[in-house]
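K.L.:
I'd like to go over a predicted model; first the sequence, then the structure.
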Amino acid sequence: MSDKDDEMVVTPWEVRGKIDYDRLIKEFGTQRLDDKLKKRIYKIAGESHFMLERDLFFSHRDMDWVLNEYEKGDKFFLYTGRGPSGQVHIGHLVPWMFTKWLQDRFGTRLYFQLTNDEKFFFEPDLSYDDVKGFTYDNALDIIATGFDPEKTYILQDIEDIDLMYEIAVQVAKKVTFSTARAVFGFENSMNIGGIWYPAMQAVPAFLHQHLTGEKVPCVIPCAIDQDPHWRVTRDVAEKLGYYKPASIQNRFVPGLQEGGKMSASDPMSAVLTTDKPKLAKKKVMAAFTGGRDTAEEQRKLGANPDICSVFKYYTFIFMPDDKDLENIEKKCRSGEILCGECKQILAPMMVEFLENHQAAREEAKERIHEFSAERLRTEARK
Ligand code: TRP
């Protein structure tokens, strides 16, 4: 790998190189999610969460203020999203599971944006029908994650533009091309849809107040690569009479192959939520690990869980209990367990998870309307 390949690039549309999360906090100007803040979250939530404990969510904007408001009786609402550029894989579900926890524990509304316009503009190979198809398909995964239908609204940019346009134009007027170019690195060769798009991603942060008249904080759980959007959104918020949205930000969820984040476009690197158990098992068995060249060597010297994708699965999804995780880590480092054996532990966990998710996904087909933005239209008419 040359130095250039290793160079860190993090924008909402491109993540590559070796990720230095401390540098991102500094360059993006976010705050570290420290122990004091975590404790405050746990106190209100009534329990801790392993994704915070293990620093998967590691950065934030304004969460102190949000909790101050909450303690004064001023609830927040949640906003997150997904660009429907392909099928959903297990890595996508990780921050959604955390978002569900926040919804359950804080009793909040959630606006879930499906940005089919974004993916249409930014992915040259995706047709209009493709993004519409993935919008439906991905909505099933969102619903299968278990969000509360009474409190969750799935917004699809293209279909629900009537709800969103009024805010989008007000945002768009306040953002100059030179700001957008500086923040997002836009180039002259881009289509103008992409240049407009950031106005759309700002909308759900303001929609709640726009529709209900209730001025309450917005909290955005998201991967840190989305932060440039929030810089722009926060910059225009007060000028338009809204609060600046807060956010709680996660690291990229690693794939099964060496390095990088999970990518649905590299078929072996990701377990898709629709994979048949047999294929999922095959992907697990082919996963990159921190093992040694020979079994003999590994028994003697142990393996390295720090670079192992199987261990990352345990860390971020399958072993929320610290005792389980410590136990497998000890066995790995000491050479007591070999990688093949360890994968044999992960495989049935993965299969069971997929079977449950796929059953929920089937049910979701009958329940799409329960999550639809249609209810917001009624609210808006009141
Ligand atoms: N741009 C995001 C993506 O490509 C989708 C998105 C829209 C989003 N709004 C969001 C993600 C809010 C997190 C939070 O996936």
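P.N.:
Sure, I can see it.

K.L.:
What separation is there between residue 50 and the ligand?
P.N.:
21 Å (Cβ to the nearest ligand atom, to the nearest Å). (Each C-beta comes from the backbone N, C-alpha and C, glycine too.)

K.L.:
ugh, wrong one, I meant residue 238
P.N.:
From residue 238 to the ligand the distance is 20 Å (Cβ to the nearest ligand atom).

K.L.:
Equivalent analysis for residue 360, please.
P.N.:
On the measure of Cβ to the nearest ligand atom, residue 360 and the ligand end up 22 Å apart.

K.L.:
you'd agree that residue is in a helix?
P.N.:
Yes - checked against DSSP: H, G, I helix; E, B strand; the rest coil, residue 360 lies within a helix.

K.L.:
Kindly confirm whether my reading is correct that residue 99 touches residue 221.
P.N.:
Yes - checked against Cβ atoms under 8 Å, the pair residue 99 and residue 221 is within contact range at 4.7 Å.

K.L.:
hmm, whichever strand or helix holds residue 154 in reach of the ligand?
P.N.:
Element membership for residue 154, per DSSP states H and E: strand 152-156. No - Strand 152-156 does not reach the ligand (Cβ under 6 Å from any ligand atom); its nearest approach is 9.2 Å.

K.L.:
from the stretch 201-350 of the chain, which residue is nearest to the ligand?
P.N.:
residue 222 (3.4 Å; Cβ to the nearest ligand atom).

K.L.:
For that residue, which three-state class applies?
P.N.:
Classification of residue 222 by three-state DSSP places it in strand.

K.L.:
and it, what is it in contact with?
P.N.:
When contacts are counted by Cβ atoms under 8 Å, 6 or more residues apart in numbering, residue 222 touches 80-81, 95, 247-250.

K.L.:
contacts with the ligand among these, please.
P.N.:
Among these, the residues lying close to the ligand (Cβ under 6 Å from any ligand atom) are 80-81.

K.L.:
Would you confirm that residue 200 contacts residue 116?
P.N.:
No - if you go by Cβ under 8 Å, residue 200 and residue 116 don't touch, sitting 10.3 Å apart.

K.L.:
What residues does the stretch 51-200 of the chain have near the ligand?
P.N.:
Counting by Cβ under 6 Å from any ligand atom, the stretch 51-200 of the chain sits next to the ligand at 79-83, 113, 115, 118.

K.L.:
so where's the stretch 201-350 of the chain uncertain?
P.N.:
Applying pLDDT under 70 to the stretch 201-350 of the chain flags residues 258-265.

K.L.:
Going along the chain, name the strands of it.
P.N.:
218-223, 246-250 (DSSP state E, counting those that start in this stretch).

K.L.:
List the strands paired with the last one, with their directions.
P.N.:
Put plainly, it is strand 246-250. Next to strand 246-250 in the sheet, as set by DSSP bridges, lie strand 57-61 (antiparallel), strand 218-223 (parallel).

K.L.:
outside of the first one, which residues touch it?
P.N.:
Which is strand 57-61. Contacts for strand 57-61 (Cβ under 8 Å, 6+ apart): 21, 24-25, 28, 30-33, 37, 51, 95, 98, 221, 224, 227, 230, 234, 244-251.

K.L.:
try stretch 141-153
P.N.:
Stretch 141-153 is contacted from outside by 82, 88, 92-93, 96-97, 99-100, 103-104, 107-112, 114, 154, 273, 357-358, 360-361, 363-364, 367-368, 370-373, 375-376, using Cβ under 8 Å, 6+ apart.

K.L.:
what about burial for those residues, which qualify?
P.N.:
Buried residues within those, counting neighbours by 16 or more other Cβ atoms under 10 Å: 82, 88, 92-93, 96, 99-100, 103, 108-112, 114, 154, 273, 357-358, 360-361, 364, 371-373, 376.

K.L.:
so of these, which ones are in helices?
P.N.:
Secondary structure assignment by DSSP state H places 92-93, 96, 99-100, 103, 357-358, 360-361, 364, 376 of the buried ones among the contacts of stretch 141-153 in helices.

K.L.:
Flag the shaky bits of the stretch 1-150 of the chain, pLDDT-wise.
P.N.:
In the stretch 1-150 of the chain (pLDDT under 70), the answer is 1-5.

K.L.:
so where do the helices sit in it?
P.N.:
Using DSSP state H, counting those that start in this stretch, the helices of the stretch 1-150 of the chain run over residues 3-6, 21-28, 35-45, 50-53, 63-71, 90-106, 116-122, 128-144.

K.L.:
and the third one, what other elements does it pack with?
P.N.:
Based on contacts counted as 3 or more Cβ pairs under 8 Å, 6 or more residues apart in numbering; DSSP states H and E, the elements that helix 35-45 packs against are helix 50-53, helix 63-71, helix 90-106.

K.L.:
what sits opposite the closest residue to residue 156 other than its chain neighbours in the beta ladder?
P.N.:
Of all residues not flanking residue 156 in the chain, residue 114 sits nearest, at 4.7 Å (Cβ to Cβ, 6 or more residues apart in numbering). Beta-bridge pairing for residue 114 (DSSP bridges): residue 82, residue 156.

K.L.:
so what's residue 114 up against?
P.N.:
Residue 114 sits in contact with 81-84, 135, 138-139, 142, 154-157, where contact means Cβ under 8 Å, 6+ apart.

K.L.:
likewise residue 320?
P.N.:
So residue 320 contacts residue 50 (Cβ under 8 Å, 6+ apart).

K.L.:
can you offset everything so residue one is 26?
P.N.:
Yes, from this point I'll number from 26; that puts the last item at residue 345.

K.L.:
Now it. Its backbone dihedrals?
P.N.:
phi -60, psi -20 (degrees, to the nearest 10).

K.L.:
residue boundaries of the helices in the stretch 276-407 of the chain?
P.N.:
302-310, 320-326, 334-338, 347-359, 364-389, 399-406.
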